[in-house]
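> Below are the sequence and a predicted model; questions follow.
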Amino acid sequence: GAGVSQSPSNKVTEKGKDVELRCDPISGHTALYWYRQRLGQGLEFLIYFQGNSAPDKSGLPSDRFSAERTGESVSTLTIQRTQQEDSAVYLCASSLEGPGLNTEAFFGQGTRLTVV
Amino acid sequence: AQKITQTQPGMFVQEKEAVTLDCTYDTSDQSYGLFWYKQPSSGEMIFLIYQGSYDEQNATEGRYSLNFQKARKSANLVISASQLGDSAMYFCAILGGSYIPTFGRGTSLIVHP
């Protein structure tokens, strides 16, 4: 596709339910990132995929959070047993090639998650 | 570890004036890249400008320029001739050896007519 695509754009879920967020990166981009942005805050790193290497999961806040990516394609971020503090915008980004320090990350529009 | 500090939570500027948004960074990497992104109220993150740690010239992209002072670990964004459409959140980010961009908390810019 022309850009990074995320779905759904909005998700309202009840506390305790599981949710799955999807990210479709730009074709050919080997690096993929997930970030969380709470209201009025900066971007909090969650997880990084680079090609077929083991992902860097160091930013995941708890074991309720997990993510998968098959090769250089779609990624899904799963949050189990959602809590109200999980409410945020979840942003996905991809970049052309990593490791490279002069390649900007292209962001999707984000998924706004509201846990009620 | 790397860190970005943006000390200005909010900035106001008159239309057509220039404005500087501050960014300082901390990293143990010798080679790194610095980025600025704009986030309008619609939420998308828009890449503005990049500066490499070994670049001798300050980066410029149209009305955007990056005032890079390596010894002070400073990478301020200068927007010349502000426009109403420049009103947005602005984020500074660093990319180093971990290959994971680290973002600051952002600065809200409001351009007055």
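Done, it's in.

> end to end, how far does stretch A:55-63 reach?
15 Å (C-alpha to C-alpha, to the nearest Å).

> Now do the same contact list for the residue of chain A most remote from its centre.
In chain A, counting by C-alpha atoms, centre = their mean, residue A:102 sits farthest out from the average C-alpha position, at 21.5 Å. Counting by C-beta atoms under 8 Å, 6 or more residues apart in numbering or on different chains, residue A:102 makes contact with B:33, B:50, B:52. Using the backbone N, CA and C atoms, a C-beta is placed for each residue, glycine as well.

> Check residue A:113 too.
Per C-beta under 8 Å, 6+ apart, neighbours of residue A:113: A:11, A:13, A:19, A:21, A:79, A:82, A:86, A:87, A:88, A:89, A:90.

> Tell me the predicted confidence for it.
As predicted, residue A:113 sits at a pLDDT of 98.

> For the helix or strand encompassing residue A:46, what is the distance to the chain centroid?
Assessed by DSSP states H and E, residue A:46 sits inside strand A:44-50. Per C-alpha atoms, centre = their mean, to the nearest Å, the displacement of strand A:44-50 from the mean C-alpha position of its chain is 7 Å.

> Identify each buried residue in the helix or strand just after it, please.
For strand A:44-50, the following helix or strand on the C-terminal side (DSSP H and E) is strand A:65-69. Residues of strand A:65-69 classed as buried: A:65, A:67, A:69 (neighbour count, 16 or more other C-beta atoms under 10 Å in any protein chain shown).

> repeat for stretch B:49-61
Going by 16+ other C-beta under 10 Å, stretch B:49-61 has these buried residues: B:49, B:50, B:51, B:53, B:59.

> Over to stretch B:79-92?
By neighbour count on 16+ other C-beta under 10 Å, the buried set for stretch B:79-92 is B:79, B:82, B:86, B:87, B:88, B:89, B:90, B:91, B:92.

> got it, and stretch A:40-50?
For stretch A:40-50, burial by neighbour count (16+ other C-beta under 10 Å) applies to A:42, A:43, A:45, A:46, A:47, A:48, A:49, A:50.

> For these, work out which two are farthest apart.
For the buried residues of stretch A:40-50, the maximum inter-member distance is 22.6 Å, found between A:42 and A:50 (C-beta to C-beta).

> list the contacts for the spatially closest residue to residue A:30 that is not a sequence neighbour?
The shortest distance from residue A:30 to any non-neighbouring residue, by C-beta to C-beta, 6 or more residues apart in numbering or on different chains, is to residue A:51 (4.6 Å). Going by C-beta under 8 Å, 6+ apart, residue A:51 touches A:30, A:31, A:71, A:72, A:98.
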